[in-house]
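Q: quick one, structure for this:
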Amino acid sequence: MSTALESAPVTWLATPGLTAYGDAVAAMERRVQAILDGRAGECVWLVQHPPLYTAGTGTRAHDLVSAAPFPIHHTGRGGQLTYHGPGQRVAYVMLDLGRRGRDVRRFVHALEGWIIDTLARLGIAGERRPGRVGVWVPRPQRGPGHEDKIAAIGIRLRRWVSFHGISLNVAPDLSHYAGIVPCGIRDPRLGVTSLADLGHEADMAAVDRALRAAFEARFGPTHDASGMTGPLAHAHARR
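A: Residues are numbered from 1 along each chain as shown. Presented below is the predicted three-dimensional model:
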């Protein structure tokens, strides 16, 4: 995905506080339908959630390794079981791939590139791995082959409009991953990390600025959602 594929600017919205997961899914559903109906344009929506797990279409029963301390939400996105919570930036990406190119693999690759570009702006080298969707950071100090996942991707398409999106660990409580097999990956050399875990003190505002700049470089211009009255305006933020 490149700026050659851009059309109208993408609406950019960041909701403060913690957004209930059910509210977020309902708001995305409304927005996607509005895009399909021609009543709204594309949108990227930044949120944080209270602690919870989401189970994608590839989740297996043994991905939950202990009694769940947080709610589990079953969702139609791709991927396996993962964690969302405070200190993690979730970006819900509602783009019209019917106009941007009907290529799911290319779209996922572009999302990974967006995260890698964002991390580079923050001084971190993120990398792709064949067969493992998401973005990884090598941890050679722990031994050969050790690396940690810093960002996850899980999308769903409805008539070529995307929803769900990416999650980037800024400073979440990483112990909350302990009760699951994150993204179904059981190799003991592979873990999870965050900007804070890597010793970077970037706050959420700095991360959001880097996300937006990297998104615009790859997907095209954005505009602020101030005064927005469309479907996402009905999602309730909770502090």
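
Q: state the mean pLDDT of stretch 66-83.
A: The predicted model gives stretch 66-83 an average pLDDT of 82.

Q: in the chain, which spans are helices?
A: With DSSP state H as the criterion, the chain has helices at 21-36, 97-100, 104-121, 204-219.

Q: buried stuff in the second one?
A: Applying a neighbour-count criterion of 16 or more other C-beta atoms under 10 Å, one finds 97, 100 buried in helix 97-100. Placement of C-beta: from N, CA and C, glycine included.

Q: same list (the helices of the chain) but as a markdown table, adding distance to Q48 and mean pLDDT.
A: As requested, the helices of the chain are exported to a markdown table (distance: least, C-beta to C-beta, whole Å; pLDDT from 0 to 100):
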| stretch | distance to Q48 | mean pLDDT |
| --- | --- | --- |
| helix 21-36 | 10 | 96 |
| helix 97-100 | 26 | 95 |
| helix 104-121 | 16 | 97 |
| helix 204-219 | 8 | 98 |
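
Q: possible to save the ones you listed as a markdown table with distance to P140?
A: Converted to a markdown table, the helices of the chain look like this (distance: least, C-beta to C-beta, whole Å):
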| stretch | distance to P140 |
| --- | --- |
| helix 21-36 | 36 |
| helix 97-100 | 37 |
| helix 104-121 | 17 |
| helix 204-219 | 25 |
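
Q: and of those helices, who's closest to V90?
A: Across those, V90 has its closest neighbour in helix 21-36 (8.0 Å, C-beta to C-beta).

Q: which other helices and strands contact the closest one?
A: strand 43-47, strand 72-74, strand 88-94, strand 161-169 (3 or more C-beta pairs under 8 Å, 6 or more residues apart in numbering; DSSP states H and E).

Q: about what we covered before: quick one: which of the helices of the chain is nearest G154?
A: Closest among the helices of the chain, once you apply C-beta to C-beta, is helix 104-121, at 9.7 Å.

Q: restricting to C-alpha, output the closest one in CSV.
A: Extracted in CSV, the C-alpha atoms of helix 104-121 (Å, rounded to 0.1, in the frame of the first residue of the first chain):
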residue,chain,number,x,y,z
VAL,A,104,-5.3,-9.3,1.7
ARG,A,105,-1.7,-10.5,1.9
ARG,A,106,-0.5,-7.1,0.6
PHE,A,107,-2.6,-5.3,3.1
VAL,A,108,-1.3,-7.3,6.1
HIS,A,109,2.2,-6.7,4.8
ALA,A,110,1.5,-3.0,4.7
LEU,A,111,0.1,-3.0,8.2
GLU,A,112,3.3,-4.7,9.4
GLY,A,113,5.3,-2.1,7.5
TRP,A,114,3.3,0.7,9.2
ILE,A,115,4.3,-0.7,12.6
ILE,A,116,7.9,-1.2,11.7
ASP,A,117,8.1,2.4,10.4
THR,A,118,6.4,3.7,13.6
LEU,A,119,9.0,1.8,15.7
ALA,A,120,11.8,3.2,13.6
ARG,A,121,10.6,6.7,14.4
